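Undergrad: Need the 3D shape of this:
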Amino acid sequence: EVQLVESGGGLVQAGASLRLSCAASGFPSDDYAIGWFRQAPGKERESVSCITIIDGSTYYADSVKGRFAISRDRAKNAVYLRMNSLKPEDTAVYYCAAKVIKDRWSEWGQGTQVTVSS
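TA: Numbers count the residues shown, from 1 in each chain. This is a model prediction of the structure:
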């Protein structure tokens, strides 16, 4: 059974940094990807960033390029999202998700709240 556990959210001021963590377990191989999504009140969920575990290929939404950095620790089965220069518009519940490569996002964590005050 695949399990994802997020941590690291919080309340910060604009310009500050946070690091989100996603601990993954239950995957039979490294042929999967971990992604971060976010959903703000009244808005649809959007993709923020993702990384493939086997080779570290990354993707970033335009809104976070240059400010956010995703990384993985294969030994710990963990993925991190370093968020710098946070803006009030980054406020949302952030979800960690996982999928087998070329499949749909099928596994989701419980979410962690990130609030950025101006």
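Undergrad: use CA for all of it now, contacts and neighbours both
TA: Noted.
Undergrad: how many other residues sit next to the closest residue to Leu20 other than its chain neighbours?
TA: Of all residues not flanking Leu20 in the chain, Gly8 sits nearest, at 4.5 Å (Cα to Cα, 6 or more residues apart in numbering). For Gly8, the number of neighbouring residues by other Cα atoms under 10 Å comes to 16.
Undergrad: Now for Gly8: which residues touch it?
TA: Contacts here follow Cα atoms under 8 Å, 6 or more residues apart in numbering; on that basis Gly8 touches Leu18, Arg19, Leu20, Ser21, Thr112.
Undergrad: got the residue ranges for the strands in this protein?
TA: Assigned by DSSP state E, the chain shows strands spanning 3-7, 10-13, 18-25, 32-39, 46-52, 58-60, 68-73, 78-83, 92-100, 107-108, 112-117.
Undergrad: Which strands and helices lie in contact with the shortest one?
TA: Right, strand 107-108. strand 3-7, strand 92-100 (3 or more Cα pairs under 8 Å, 6 or more residues apart in numbering; DSSP states H and E).
Undergrad: what does the longest one give?
TA: Using 3+ Cα pairs under 8 Å, 6+ apart as the contact test, the elements touching strand 92-100 are strand 3-7, strand 32-39, strand 107-108, strand 112-117.
Undergrad: Per-residue pLDDT of the residue sitting nearest the centre point of the chain, please?
TA: Residue closest to the average C-alpha location in the chain (Cα atoms, centre = their mean): Trp36, at 2.6 Å. Trp36 is assigned 98 on the pLDDT scale.
Undergrad: what's the closest non-adjacent residue to it?
TA: The shortest distance from Trp36 to any non-neighbouring residue, by Cα to Cα, 6+ apart, is to Cys96 (4.7 Å).
Undergrad: Surely that neighbour touches Leu4?
TA: Yes: contact criterion Cα atoms under 8 Å: Cys96 and Leu4 qualify, at 6.9 Å.
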